[in-house]
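Asks: here you go, sequence then predicted model.
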Amino acid sequence: ICGSDIRAIYREHLGKGPEAYQNKVAGHEPCGQIVLNGANTKRFSKGDRVIIYHISGCGVCNDCRRGYMISCSSPSRAAYGWQRDGGMAPYILADEKDCVLLPDELSYTDGAQIACGFGTVYEGLEKIGICGNDQVLVVGLGPVGLAALMLAKALGATKLVGVDTVEERCRIAKDLGLADAVLVSGPDTHKKAIELSDGAKGYERTVDCSGHTLGRQLCIRATRQWGKMVMIGEGGTVEFNPSPDIIHDQITIYGSWVTNIWRMEELVERIVRWKIHPEDLVTHRFTLDDCDKAYALMDQGKCGKVAVVFDEEIK
């Protein structure tokens, strides 16, 4: 279950008109095994394990030709779980062009997270660039923020600090060893975060996954001179003073939305090589019959990733 599902069901709507969630099967992080393929399929066939890139684009607009179906400009653009049936069902009908091969080394729960959360984070981290010289601050430690810590660590970040308002999520980050330090947000969070950076000069890279005004402000003001920040968390607003906060320190801010399909394939290969498992972020599993309980738990915001799986995958 993705945070955007929770937002759409329980909170604000970011687009125009209805959320386009009506009369469709939910679930835009699908992963499974092909049980039947059409006569004209060219690459995938029965028995293949696949991740489904969750936006089906027209395939011919400029963005689709670059692999960014998320930004498809055609009226025919349809996201699985939103404008067409998604993965919260025993079966899903998917276009072959939207499928990415899932290697045997990865579980279906690994793959489902790559479909949205991990793919989204990877795109953002690639935009700001992460290397062994970088200290990274991640604000907002829901499943996406936890994924940001996991991937930034795999990319070689020299120091990782996480911040969240929820103690339970901070505990998950600590228990999994994803960060060098984890802060529960409070009145002096900015001061503490800066003090944790080398020479108290701030972080070369900051990542906002909170979608909250204060979280974004913390990222901006904790970014080191000449540093880069990426906004991944949706919703909310942000206010800052351009001159002292951005211009004078030569800071670059990126916005990042989902990823493209070739980068998703690249991420699958790298995750196998890095020997990491997105599944480690899952704290609760439910069957299809208990979907309502899964969504309600995720809405509380005090857990890691919540997965809806087949009966045999319940541990």
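Replies: Structure received. It should be emphasised that the depicted structure is a prediction, and the values quoted were computed from it without experimental measurement. Numbering: from 1, shown residues only.
Asks: for the most centrally placed residue in the chain, what are its contacts?
Replies: In the chain, the residue lying closest to the centroid (C-alpha atoms, centre = their mean) is G117, at 2.4 Å. Contact analysis of G117 by C-beta atoms under 8 Å, 6 or more residues apart in numbering lists 2, 29, 143-144, 147, 278, 305. Every residue, glycine included, has its C-beta placed from N, CA and C.
Asks: pull the most distant pair out of the residues you listed.
Replies: C2 and P278 (12.9 Å; C-beta to C-beta).
Asks: isn't M298 up against I1?
Replies: Yes - taking contacts as C-beta atoms under 8 Å, M298 lies within contact range of I1: 4.8 Å.
Asks: common neighbours of the two, please.
Replies: Jointly contacting M298 and I1 under the rule C-beta under 8 Å, 6+ apart are V306.
Asks: just the ones of the contacts of G117 in strands?
Replies: K305 (DSSP state E).
Asks: okay, the contacts of G117 in CSV with distance to V50 and neighbour count next?
Replies: Output for these, formatted as CSV (distance: C-beta to C-beta, whole Å; neighbours: other C-beta atoms under 10 Å):
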residue, distance to V50, neighbour count
C2, 18, 25
E29, 13, 28
P143, 21, 27
V144, 22, 28
A147, 20, 28
P278, 16, 26
K305, 20, 27
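Asks: would you map the helices across the stretch 101-250 of the chain?
Replies: Using DSSP state H, counting those that start in this stretch, the helices assigned to the stretch 101-250 of the chain run over residues 108-113, 119-128, 143-154, 167-175, 189-196, 213-222.
Asks: to T237, which of those helices lies closest?
Replies: With C-beta to C-beta, the closest approach to T237 among the helices of the stretch 101-250 of the chain belongs to helix 213-222: 5.6 Å.
Asks: and the closest one, which residues are buried?
Replies: Neighbour counts over helix 213-222 (16 or more other C-beta atoms under 10 Å) mark 215-222 as buried.
Asks: that helix versus helix 189-196: what angle between them?
Replies: 30 degrees (axes from the mean of the first three to the mean of the last three C-alpha atoms, to 10 degrees).
Asks: in terms of secondary structure, what does helix 213-222 contact?
Replies: Identification of packing neighbours for helix 213-222 by 3 or more C-beta pairs under 8 Å, 6 or more residues apart in numbering; DSSP states H and E yields strand 135-139, helix 189-196, strand 203-208, strand 223-231.
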